[in-house]
Structure formats: structure tokens, C-alpha cells
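S.K.: Build me a model from this:
(2 chains)
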Amino acid sequence: MGANDMTAPLGQAVLRKEDQRYLTGTGQYTDDVAMPRQTHAYFLRSPHAHATIRAIDTSKAKDAPGVVAIFTGADLAGVNGLPCGWLITGTDGKPMNEPPHPVLAQGKVRYVGDPVALVVAETPNQAKDAAELIEVDYDVLPATVRTDDALRAGSAQIHEQAPGNRCYTWALGDRAAVDAAFAKAAHVTKLDIVNNRLVPNAIEPRAAVASYNRAEDSYTLYVANQNPHVERLLMTAFVLGLPEHKVRVIAPDVGGGFGSKIYLYPEETAMVWASKRVGRPIKWAAERSEAFLADAHGRDHDTHAELALDGDGKFLALKVSTVANMGAYLSTFASCIPTILYATLLAGQYTTPAIWCEVTAVFTNTAPVDAYRGAGRPEATYVVERIVHQAAHEMGIPQDDIRRRNFIRTFPYQTPVALNYDTGNYDATLDQAMKIADVAGFEARKAEAKKRGKLRGIGYASYIEACGLAPSNIAGALGARAGLFEAGEVRVNPTGSVTVFTGSHSHGQGHETTFSQVVAARLGIPIENVDVVHGDTGRIPFGMGTYGSRSLAVGGTAIVKALDKIVAKGRKIAAHLLEAAESDIEFKDGKFTVAGTDRSKTFGEVALTAYVPHNYPLDKLEPGLDETAFYDPTNFTYPAGTHICEVEVDPDTGQVQVVAFTASDDFGNIINPMIVAGQVHGGVAQGIGQALLEHCVYDRDTGQLLTGSLMDYALPRADDVPSFKVDTQVTPCTHNPLGAKGCGEAGAIGAPAAMMNAVMDALAPLGVTHLDMPASPHRVWQALQQARA
Amino acid sequence: MSVSLSLMVNGAAVREDVDPRTLLVDFLRRDLGLTGTHVGCDTAQCGACTVHVDGRAIKSCNVLAVQLQGAKVTTIEGIAGPNGELHPMQAAFKECHGLQCGFCTTGMVMSAIELAQRHPKADEATIRAELEGNLCRCTGYHNIVKAVAQGSAAMAK
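M.R.: Sure thing, here's the model as predicted:
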């Protein structure tokens, strides 16, 4: 399949196959799994941000009604800690500090929510009631909570293995070149920005059901997870020391992930371990307040950035210094987010010749922080696009103009921060966004808003992202402890229908439909004849799962490569049946034809022959039609685009309303435009959520989570966001056969910067020079009062 | 101690002995196996557990099962046609791509049906305001709003 060979049903808005079960309530999420004799788990968690555990007394709790077993850190003393999947080497040449991350607390708790005991009982309420009877004698210690407090002298030390609360200091780029460029700059723009901490809040809370089969000495874990094979590998090989083949991990229907369900968490690890000891299945479903405490959070960067420009507004150099909060322990991919997935993106869409970025990752007494939709790339985009906006403002250059003066237009393009962009057309997405957003009519809309007493602003974000993290060997050299390929199996059944087994996992992205379109187009069979199976280590060859907008570009390509093998074998079978040379057989529209003749065999006939091989070259060819492929990309993909946001601010209340949002994105070739638009809508809403509403706040002294429920943490609701205007431009990815780049995170990457730039555009005429996310009424009103004073 | 509870669920009479502290959503999911009604929060904010009680959309996480003595409860499993054909609101969600992961969807559809009954010709602003009790993290609401408008129009026919 060539990059531009878009055969039907590729490119069509096919309605989703998975919707029938979701709409009728017959989907099966982890909490819907009910096993015979199942017990229920409850995790007793630390109420303190930082404390030594003097003693735990479970005796009363063990006698409580319905209690089956209680386990604490002492019971798991022989079990390893949870691993971190990426080793960052610091500027000092030393590996990052990797303190142990125990499954259940070992002698010390380090954040509010740190799991201390696992209670297993006949019912969820009995487990919860019994947990209240566990007496934990804590010696409360001072806590280090805020990112900007972690490195301060005198702050509480969280891990012996991490002096000064430092995980690593790491840098990328050419500092000398940057310093030289700053020395000759005509203008320097400086910015201090906070990328606010977020709680992912997939609407399905995490859940797990673990069981042990004594007859087979094997385990089965149902878990709300984005990458079951990675979960299994980490859990068995690194933590529990179980044989990998004796553990089956099933991630059935999963109700959203956004990164938060990538990781190996303590809960399911403890449950798998305990399931053998209890001898009965154990089930756990997090409550939402528990999810706030114990899910990996996102973002949380403090950054100082400086941009050097010449007199014409050309960028000469960018200098960035960031402190990134890891929380109390290193979550599975925490260490690579503010480094490999952040600093490498600081070129953005621009030809900035010199960039230097230094990142210090710190530990605090807060929940672990890891990838959340965009993972490093929203943070990078926010730095670049906020400072570009500010520079344009300071130099009196129109916002579109400053971007055009600096766009990369020659590809492939080697950035000064390690990435090599294969293709793109940044003018095209900027032009399209400006047209759809009716930028020409903005001044009139602003004047009309002013009559109503509202301040109207417009903001741009021309973002780039790197998706489909790869290739494995380079990632390995940079510290990755896992591969970054994907696997796919295409099993043709004897009657010609097809079952696809993919290592990608779908938790809302619609893979069952998109992947079916890819298979149907390639084999020339109806979409209805294709089923897609995912999320089960017992059925799928292998898989790295779904994160980083990789599923179509990497997982889809693995399927395409397996399809190539199917077609190649089918050609051999058809050549035998048609008594023709294999090289003369063409495959098109579901038919193998002898070139230049009307002699052909349908795909179904060939499939049947493969499984009923009566007339078959058995001496040369195995029966059956079932092929597996692994695909390791040669490069990242580089989706990019421009988002334009318009806001109205009420100066009396500080209320910000997003009145229009336009996204023009280049995702390469698109298989299903309906699904792609839906991905953009959702990402944009999460990006607006970050910029307008969402903020995870811990009390600075006690480390108590102040935003611990949906009544305190503001998720966007339907009336917080407008309808979105989205469209696409296409420059096909040059290095995968689908020409696909990925679309899952773009909205969350572009929207925060676009929205905050719009707010700053509205407020700057009144003298407001600084505002951090979220632009809550209180913050905006305060900024306006300070500007007036 | 348990209480004898009699009610109608999706048109069928149900009689069960329940622990008085059992929430309606747990009764539906655990006792009756109706797992299409989901639990997304613990503060009655997300709406994933929305069901109809005597024709009104309510959050089943926020009411005890024993409060429903003699009530008529309809869940997502009870709204499709007798031969499994989708309710017009379910069909509209599919046609408008008003769902992604599906977890909030069942509650969203139950709220939308009641919304359509109260506001047969709701405009976008009304739909958005009326959906404030149902959270979705996937769709950005864009296509949900379209689906509710289309589903309402279909229900009015």
C-alpha cells in the first residue's frame, strides 16, 4: 500500500462497530467482571503526606465480619518494588536516583494515598469497614509538597537515595551556541510559567480482578489498562518474579485512559500476589476520591524560558530551564516525560538554530506524576507558543507574521534538539485555521464585545508533536528499558472472514472500526467480515499498547505488514490454483487475477483452499492463512497544526468564556475522518480544561489534597466549551505505509497555549503581563486589579 | 438485617432482600447484573449511573435501593425496542459519533432521553446547560450535543 493509495473504505466516516455494545449497556468493563467466589479488596491509604510507620495492628480488623485476609508491607517484604521504565542519565554522567517504590508502604509513607494495607473481605463494604479498624501508629514528618519547594535548602528529604530531593538534572542542546546567540540578540523575551498539575480523570475509575488457578498454577488479571503486555512483563519479571507465561492480563473494555492507565500500579500488583494466598478471586474498583489520590497525575512543571530574536523577529536561540515534579515515587514512564518527550519538542515549527534546555526532576510528597494526554509535548508547546506570543506582543509583530517568519519549510529538517522532522506544511495549517476562524473579522467582533463590556482576545498555537515513539534501538540508547514496536496478527478464517489481533489497545479510540477499514481496504472484503481483538495477553502475540498517539502509525502498520504476508501467501496459492506463475498474479479488490486475463480466484476461495488443501502445493507451502508481523518504526511521526482560540473576559468578574475554537491539524493520511474529528474535540476540551478550569492543589504544609473530588476539581462540562471548528491538511508521513501520523493528543497539546494566548491578548491592553493556568475568575480578576493598581 | 424490596425494573417485577445501606446502583449492578449502569464518581457529579425512576432521570448512586419500593426503574438495558432496535437517542449517538470509550454513554443517553422529553426542541445552549450533570472526558461534548439534538428530533416524530 503506497502512502497515497487510499482505497475505499479508507478515508470514509464509517460508523463505529463498537458502539452497539456501548450504547446498549453490554460493554464489559473490568468492574463488570464477576467471578464465582470472588472477594473484594479495599486499600487502606496513608492520611499523611510524610510519616514513619511505627507499627501496624491489624488484629481487630482481622476479626471483623467478612474479612478474608489482610496484608501489609511486612507481608510483601520479599517482593520487589515497582520499576521505572526509562533510565535518564544526568548531566553529571550518573544515572538518575531511583528510590524504591514499594507495592505496600515499607516503614514509611510518602504521600497522602500511599497504600499501607490490603484488606480482602466478602463484600466491598466489609473490606472498608474492617480497614477502619486497622491501627497504624504514624510518626508524622514535615512534608515537601510544592515543586518550587523541593530543591530549597531545609526542605524535608523524601528518599535517602535522592539527596536534595533530586531525581536528576539533565540537559539537551548546545549551551555555548545559545549563549553566543543571546549576546548578539536585538530583543530578548523572558517568561516564567507554571504548567499546572492535572488529574487525568478517565470517567471509568481504575479497577482490577485478580485470580489464581491452582490446577494450572496460573494467574488471570482483568485490569483497566492501556497496555496489558507491558503490565504483565513489568509485574512478572521485575516485581513478583512469576513466570510470564503463567500470568494472563486482560484489559477488556476500558473507559478512557489518557495516559493514566499505562502504568503498573501497586494495587493490581498486590492483588495478583494476594490472589494465590487467598485462593479466591479478588476484585477492586477505585472510588473517584481514591482515583484523585492514587492515579498518576500529569504535568506540574515550573519553567523559566528566554527567547532571543533579531530585529526582524527571527528566532536566534531558546533557553529553557524546567523543574519537573515526579511526585513521591517514579511512576512507570515518569522520567522520560519532562526530558525525551519535552526538551526534544522545543524547536516547535520553527527554525530556531540554537536551543538549550535543562531539566531538574524532583521528588515531593505528592502522588506520582507521569504521562497525561500529550505527555511532555503540551508542556513544550506551552513554553514555545507562550513565549512566541509574548515576543510578538513586545516587538509589535502580528501573531501570524512572527510564526511565518520562523516556520520550517524544508524537509527533512534536523532540529537542534535531536529530532528529524520528515515532512510538514505549517503555512497550510496556519492559513486554514485563520480562514476558518475568520481572523479577518476579529476586530469587528472585538469592538462588538466591547459594547457589551467584554474583553475579547484571540490566541494562536502552532504546535508540533512527536508520536509513535521510536525506533527501539535509539530509544534504548537514550535509556528506554522497553521496546517501542507493535505486533499484529491477521488470521484469515477458512470461510474468508478475518480476525485481527493487535497489540494496540482501544479505550475509546475506535480501533475496532479504523483497523477493520484498513483490513477491508487491503483485502477487498466487507468491514463486517473483520473482527479486531485487543487487550488480552492470552490471545494476542505481543503488544506495547496504546499511548503517544501511536496506534494507527505503529499498530496499524504492524497489521499492514501482516496483511502483506497474507497477500503474498495468497498469491502463491492462487498461482497454484490458476496454474500460473506467481509473478503473474495480481491482487486487487479481493481477487487474485492472472495479469492480462479474466482468470481469477476470489480471496474467499484462496482462504478456503489454504484450510482445505486438497489441491495445494503441500510440498512447498504450509497450509493455513495466518500471519504475524512486528513493526519497529524508523522515526517518530510529526503531527502539527495551528489552533486558534477566541475568548471573552468579563472584567467585572474575571470570568473567561471560550467563544470560538478552531483547529487545523496535519495528521497525515486519515482512515476515518469522523473518528479523527472526535479525537480532536476531546483533546481540545481537555486542553481548555487545563487552561480554564483544572488545577490539582495540595496544601503546601500538610500535603493534603485540596482538590480531591469532582466537587473541588473542575472537569469541563458541556456548557464550559463551545462547539469546535476542526479541519485537516494532509502531508503523508514518509516512513510508514499508511502515511499516518497520529491524532489522539493534538487537541490537548495545542489548546492550552492557544487559549492562554487569547486570554493574554484580551488582558494585555489593560496592563496584565502574567497569568498562569488555569485562568479562573479569581486569578483573572486579581490580575486585572493588580494591573489597575 | 435485610429489607424486602419489590419494584419493577425494565418492565419486569423484581423482589429481593437487600441490605438497607445498598445504593440503587449497586443493587442494579450486583444483585440484578445490570452492568450497563456505571459508577464514575462518589459525589453524584458524573452522571454515569443515570437511570429513570418513574420517568425521571436520577443518579442511582445517590439513592438507596430501599427508597424505590414499588417504583418503576428503567436502565440502559431497557430502552431498546422489543427486537433490539436502538432507541432513537441511542441511534443518534451512534450516527453523530457521540461516544468514544462508552463509559459515560449509558448515563448520558438516559439523561438525554429525559432532556428530550422536557425540551423537545432544545437549542444548543439549552442542551449544554441541561447536560451539566453528566461528565464526558472523551468527546469534548461536541458530538454529544449534536446527538441530543438529532435524537430529540427523532423522538418527537
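
S.K.: for the residue of the stretch 351-500 of chain A found nearest chain B, what are its contacts?
M.R.: Proximity of the stretch 351-500 of chain A to chain B (CB to the nearest CB) peaks at A:Arg373, 9.7 Å away. Glycine gets a C-beta too; all of them are placed from N, C-alpha and C. For A:Arg373, the contact set (CB atoms under 8 Å, 6 or more residues apart in numbering or on different chains) comprises A:200, A:258-259, A:298, A:683, A:686, A:744-745, A:748.

S.K.: Phi, psi for it please.
M.R.: With angles defined as degrees, to the nearest 10, A:Arg373 sits at phi -10, psi 100.

S.K.: how much space is there between it and A:Glu465?
M.R.: Using CB to CB, to the nearest Å, one obtains 11 Å as the distance from A:Arg373 to A:Glu465.

S.K.: A:Thr593 - that's part of a strand, no?
M.R.: Yes. Membership of A:Thr593 in a strand is supported by DSSP: H, G, I helix; E, B strand; the rest coil.

S.K.: And for it, nearest residue in space, chain neighbours not counted?
M.R.: If you skip the residues right next to it in sequence, A:Thr593 has A:Ser600 as its closest partner in space, 4.0 Å away by CB to CB, 6 or more residues apart in numbering or on different chains.

S.K.: and what of B:Cys41?
M.R.: Closest residue to B:Cys41 in three dimensions, ignoring its sequence neighbours and counting by CB to CB, 6+ apart: A:Arg288, at 3.8 Å.

S.K.: cool, and A:Pro526?
M.R.: Distance criterion CB to CB, 6+ apart; nearest residue to A:Pro526, sequence neighbours excluded, is A:Ala520 at 6.4 Å.

S.K.: And that neighbour, which helix or strand is it part of?
M.R.: In this assignment (DSSP states H and E), A:Ala520 forms part of helix A:511-523.

S.K.: and that helix, what does it pack onto?
M.R.: Judged by 3 or more CB pairs under 8 Å, 6 or more residues apart in numbering or on different chains; DSSP states H and E, the packing partners of helix A:511-523 are strand A:498-502, strand A:530-534, helix A:557-578.

S.K.: What are the buried residues along the last one?
M.R.: In terms of neighbour count (16 or more other CB atoms under 10 Å in any protein chain shown), helix A:557-578 has its buried residues at A:557-564, A:566-567, A:569-578.

S.K.: One more: stretch A:611-627?
M.R.: Within stretch A:611-627, the residues scored as buried using 16+ other CB under 10 Å are A:611, A:613, A:616, A:625-627.

S.K.: Quick one: distance of it to the chain centre.
M.R.: On the basis of CA atoms, centre = their mean, to the nearest Å, the separation between the geometric centre of stretch A:611-627 and that of its chain is 42 Å.

S.K.: what are the C-alpha coordinates of that stretch, in PDB please?
M.R.: Included here for stretch A:611-627 are C-alpha records, laid out as PDB according to Å, rounded to 0.1, in the frame of the first residue of the first chain:
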ATOM      1  CA  TYR A 611      -7.500 -24.700   5.100                       C
ATOM      2  CA  VAL A 612      -8.900 -27.500   2.900                       C
ATOM      3  CA  PRO A 613      -5.600 -28.100   1.000                       C
ATOM      4  CA  HIS A 614      -6.700 -30.800  -1.400                       C
ATOM      5  CA  ASN A 615      -5.500 -29.000  -4.500                       C
ATOM      6  CA  TYR A 616      -2.500 -27.400  -2.800                       C
ATOM      7  CA  PRO A 617       1.300 -27.300  -3.200                       C
ATOM      8  CA  LEU A 618       1.900 -29.100   0.100                       C
ATOM      9  CA  ASP A 619       5.500 -29.800  -0.800                       C
ATOM     10  CA  LYS A 620       6.300 -26.100  -1.000                       C
ATOM     11  CA  LEU A 621       3.800 -24.300   1.200                       C
ATOM     12  CA  GLU A 622       2.300 -24.800   4.600                       C
ATOM     13  CA  PRO A 623      -1.500 -24.900   4.800                       C
ATOM     14  CA  GLY A 624      -3.400 -22.100   6.700                       C
ATOM     15  CA  LEU A 625      -3.500 -18.400   6.200                       C
ATOM     16  CA  ASP A 626      -2.500 -16.700   9.400                       C
ATOM     17  CA  GLU A 627       0.400 -14.200   9.600                       C
END
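
S.K.: same question for that stretch, mean pLDDT?
M.R.: The average of the pLDDT scores along stretch A:611-627 is 97.

S.K.: helix/strand/coil for the residue in chain B positioned nearest to chain A?
M.R.: For chain B, the residue closest to chain A is B:Gly36, as judged by CB to the nearest CB, at 1.7 Å. Secondary structure for B:Gly36, judged by three-state DSSP, is coil.

S.K.: Look up how far A:Asp32 lies from it.
M.R.: Distance of B:Gly36 to A:Asp32, given as CB to CB: 9 Å.

S.K.: Looking at the two, which one has more neighbours?
M.R.: Neighbours around B:Gly36 and A:Asp32, counted as other CB atoms under 10 Å in any protein chain shown, are more numerous at B:Gly36. The numbers are 27 against 21.

S.K.: residues in contact with the lowest-mean-pLDDT helix or strand in chain A?
M.R.: Confidence across the helices and strands of chain A bottoms out at helix A:472-477, with a mean of 90, counting by mean pLDDT, DSSP states H and E. Residues outside helix A:472-477 that contact it (CB under 8 Å, 6+ apart): A:340, A:469, A:480, A:483-485, A:632.

S.K.: Fine by me, thanks again.
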